[in-house]
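# Sequence and predicted structure are below.
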Amino acid sequence: MIGNYWNSAYRNLMKRKGFSFINVFGLAVGMASALLILTYVTFEFSFDKMHQKYERIFRVESTFYEGEVQTDYWASSSFGYGSAMKENLAGIEDYTRVVSLYQPEQIVKYGELTLRENQIAYADPGFFRLFDFELVKGDKATCLSMPRQVVITERIARKYFQDEDPIGKILIFTGPYDKVVCEVTGVMKEMPSNSHIHYNFLISYKSLGQYLHDYWYKHEVYTYVLLDSPERKEEIEKAFPAMSEKYKTDEALKNKIWGVSLTPLADIHLKPQVGYEAEIKGNRTAMIALIFAAIAILAIAWINYINLTVARSMERAKEVGVRRVIGAFRKQLVSQFLFEALVMNLVALVLAVGLIELILPYFNQLVSRTVTFSVWLTGYWWLLLLIVFVGGIFLSGYYPALALLNRKPITLLKGKFLNSKSGEGTRKVLVVVQYTASMILLCGTLIVFAQLNFMRNQSLGVKTARLWLSNFPDGPKA
């Protein structure tokens, strides 16, 4: 039976090659566009989910109130929040502090090689207990446990040491405030592009001045806590203001109520931007809009396929009529049309994947990301894609079959089935839906283009052509 379906599908594809090419290519372009958009959306929603404990990891964000009015909201927290919360609040298993707002750019020296580097952070030993960044050399338990230790990425190791073993080598860091001589104690793989944490150098937290280790009046730290249960979040947020009172010894900010907001690790990237963020974040609303755009593109592609298939049904009406006269069951004919739709959609999908592979490098440059198909393997996105694909095959195969099988065999043999009012009404609805979706997408694209053009070309009120910024070890000077 399958062989018969395959022969029929192949014969129909080859009989009208031009028509088949237009149908398959149109479907492939629609699938490629939708898949490219959905791959990007999946990538954005996959941020920070590579860590085994991500559901229990939260970033501690600072909030300040005067009475009931919130005056400040920062992504960063003070140097002392992590240790104080672990000591005073129930439900916190572990914590880590990452200091990247303090001297993020420094001069790094190895022997005669002196370079300016950025993406430098100070991290305490809890960093590798909470996060599963891969360490290819060194011991996660000890590589950041002592003062004057540094963990570097593989790229930095090649940059400074070529083929030499970097473990035990000495790097000298000179920043605006101090100089630190560090021993390389670990080498880690590059941090994934779908992580909001990106550093080339991790210097041990104990390398900071002693007075900063638990200092409460500098909010230059990203603090992450590991909870024993995500349900503890609100309990800890409510308990923090009372706990903070005993640490408010200076006059600065003493008139304000100090609070915290615990943001789940996986929500950080798409949560609205707040003060002192380490990255330019994504936009959840934009991602939802892109999902609807992808669905609209798929709908347009499948409706176009259905309309073209129904338009060609006149040629196949007699074939279906003859099959029904000689005893073919309705189920068999529906199966044949569904199998043909499966073949067409699979061919289109293969072409779509090929198109995406060609376009993806340029797309990554456009969005400043490193998007790959591997993001479909995270969570249940692959299952959602499979459901949508199967649904599309069913709709694009079942309706053309229904358009023929609802007619009497004699009507099909005479070729008069296209004149029915119900069939004409359905085709009009499909055309209206297709054009409506196309116009919405076109208008949305033009609006976005106009906004981007405005941002790029609108006068800033100052002439920037002859302005320049030069960075020096003691800070930026214009």
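Received the coordinates, thanks.
# Domains in this structure, by residue range?
Domain segmentation of the chain under automatic domain parsing yields 2-47+282-456, 54-267.
# And the helices in this structure?
Assigned by DSSP state H, the chain shows helices spanning 2-15, 17-45, 81-88, 127-130, 154-161, 233-244, 284-311, 313-325, 330-367, 381-405, 409-414, 421-457.
# Just the mean pLDDT for the fifth one, thanks.
With pLDDT averaged residue by residue, helix 154-161 scores 96.
# Residues touching it, excluding its own?
Residues outside helix 154-161 that contact it (Cβ atoms under 8 Å, 6 or more residues apart in numbering): 108, 110, 113, 115, 117, 136, 152, 166, 169, 171, 184, 187-190, 200-201. In short, each C-beta sits where N, CA and C put it, glycine included.
# next one: stretch 110-124 to chain centre, how far?
29 Å (Cα atoms, centre = their mean, to the nearest Å).
# Need the CA coordinates for that stretch. PDB is fine.
The C-alpha trace of stretch 110-124 is given here as PDB (Å, rounded to 0.1, in the frame of the first residue of the first chain):
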ATOM      1  CA  TYR A 110      52.600  38.100  31.000                       C
ATOM      2  CA  GLY A 111      56.400  38.400  30.600                       C
ATOM      3  CA  GLU A 112      56.900  41.000  27.900                       C
ATOM      4  CA  LEU A 113      53.400  40.700  26.600                       C
ATOM      5  CA  THR A 114      51.100  43.500  27.800                       C
ATOM      6  CA  LEU A 115      47.500  43.800  26.600                       C
ATOM      7  CA  ARG A 116      44.300  45.600  27.600                       C
ATOM      8  CA  GLU A 117      41.600  43.200  28.500                       C
ATOM      9  CA  ASN A 118      37.900  43.400  29.500                       C
ATOM     10  CA  GLN A 119      35.300  40.900  30.800                       C
ATOM     11  CA  ILE A 120      37.300  40.600  34.000                       C
ATOM     12  CA  ALA A 121      35.400  39.600  37.200                       C
ATOM     13  CA  TYR A 122      36.200  38.600  40.700                       C
ATOM     14  CA  ALA A 123      34.300  35.400  41.900                       C
ATOM     15  CA  ASP A 124      34.300  33.400  45.100                       C
END
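# By mean pLDDT, show me the worst of the helices of the chain.
Per-stretch mean pLDDT for the helices of the chain is lowest at helix 409-414 (a mean of 59).
# Show me the shaky parts of the stretch 51-200 of the chain.
The model of the stretch 51-200 of the chain has pLDDT under 70 over residues 102-103.
# let's see 80
Along the stretch 51-200 of the chain, segments meeting pLDDT under 80 span 101-104, 176-177.
# Surely residue 271 touches residue 281?
Yes: assessed by Cβ atoms under 8 Å, residue 271 is found in contact with residue 281 at 6.8 Å.
# thinking again about what came up before, so can I have JSON lines of the helices of the chain showing distance to residue 144?
Output for those, formatted as JSON lines (distance: least, Cβ to Cβ, whole Å):
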{"stretch": "helix 2-15", "distance to residue 144": "60"}
{"stretch": "helix 17-45", "distance to residue 144": "29"}
{"stretch": "helix 81-88", "distance to residue 144": "14"}
{"stretch": "helix 127-130", "distance to residue 144": "6"}
{"stretch": "helix 154-161", "distance to residue 144": "16"}
{"stretch": "helix 233-244", "distance to residue 144": "25"}
{"stretch": "helix 284-311", "distance to residue 144": "33"}
{"stretch": "helix 313-325", "distance to residue 144": "69"}
{"stretch": "helix 330-367", "distance to residue 144": "32"}
{"stretch": "helix 381-405", "distance to residue 144": "34"}
{"stretch": "helix 409-414", "distance to residue 144": "76"}
{"stretch": "helix 421-457", "distance to residue 144": "41"}
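# Can you say which of these is nearest to residue 51?
Closest to residue 51 of the helices of the chain, according to Cβ to Cβ: helix 127-130, at 7.4 Å.
# got a list of contacts for the closest one?
Residues outside helix 127-130 that contact it (Cβ under 8 Å, 6+ apart) are 51, 53, 57, 94-96, 98, 135, 140-141, 143-144, 202, 224, 226.
# Quick one: buried ones out of these?
Burial by neighbour count, 16 or more other Cβ atoms under 10 Å: within these this picks out 51, 57, 94-96, 98, 135, 140, 143-144, 202, 224, 226.
# can you give me the strands in the stretch 51-200 of the chain?
Taking DSSP state E, counting those that start in this stretch to define them, one finds strands in the stretch 51-200 of the chain at 57-66, 69-74, 92-99, 106-110, 113-117, 120-123, 135-138, 149-153, 170-174, 179-188.
# Neighbouring strands of the fourth one in the sheet, and parallel or not?
Read that as strand 106-110. According to DSSP bridges, strand 106-110 forms sheet pairs with strand 113-117 (antiparallel), strand 170-174 (antiparallel).
# How about the last one?
Within its sheet, strand 179-188 is paired with strand 135-138 (antiparallel), strand 149-153 (parallel), strand 170-174 (antiparallel), according to DSSP bridges.
# can you redo those strands as CSV with distance to residue 33?
Output for the strands paired with strand 179-188, formatted as CSV (distance: least, Cβ to Cβ, whole Å):
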stretch, distance to residue 33
strand 135-138, 39
strand 149-153, 35
strand 170-174, 47
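# Which one, of the strands of the stretch 51-200 of the chain, ends up nearest to residue 295?
Closest approach to residue 295 among the strands of the stretch 51-200 of the chain (Cβ to Cβ): strand 57-66, 32.2 Å.
# Just the buried positions in that closest one, please.
Buried positions in strand 57-66, judged by neighbour count with 16+ other Cβ under 10 Å: 57-64.
# of all the residues you listed, which comes closest to residue 343?
Closest to residue 343 out of these is residue 57 (46.3 Å), distances taken as Cβ to Cβ.
# okay, the strands paired with strand 179-188, which one's buried deepest?
A comparison of the strands paired with strand 179-188 by mean neighbour count, using mean count of other Cβ atoms under 10 Å, puts strand 149-153 on top with a mean of 25.
# Can you check what angle separates that strand from helix 154-161?
Angle of strand 149-153 versus helix 154-161, following axes from the mean of the first three to the mean of the last three Cα atoms, to 10 degrees, is 110 degrees.
# Of the contacts of helix 154-161, select the buried ones using a PyMOL command.
With 16+ other Cβ under 10 Å as the criterion, this PyMOL line picks the buried residues out of these:
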select buried, resi 108+110+117+152+166+169+171+184+187+188+200+201
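# quick revisit: of all the strands paired with strand 179-188, which lies closest to residue 361?
For these, the distance to residue 361 is smallest for strand 149-153, at 22.6 Å, taking Cβ to Cβ.
# gap between the closest one and the chain center?
27 Å.
# How about residues contacting that strand?
For strand 149-153, the surrounding residues in contact (Cβ under 8 Å, 6+ apart) are 135, 138, 143-144, 160, 166, 171, 173, 182-191, 199-204, 207.
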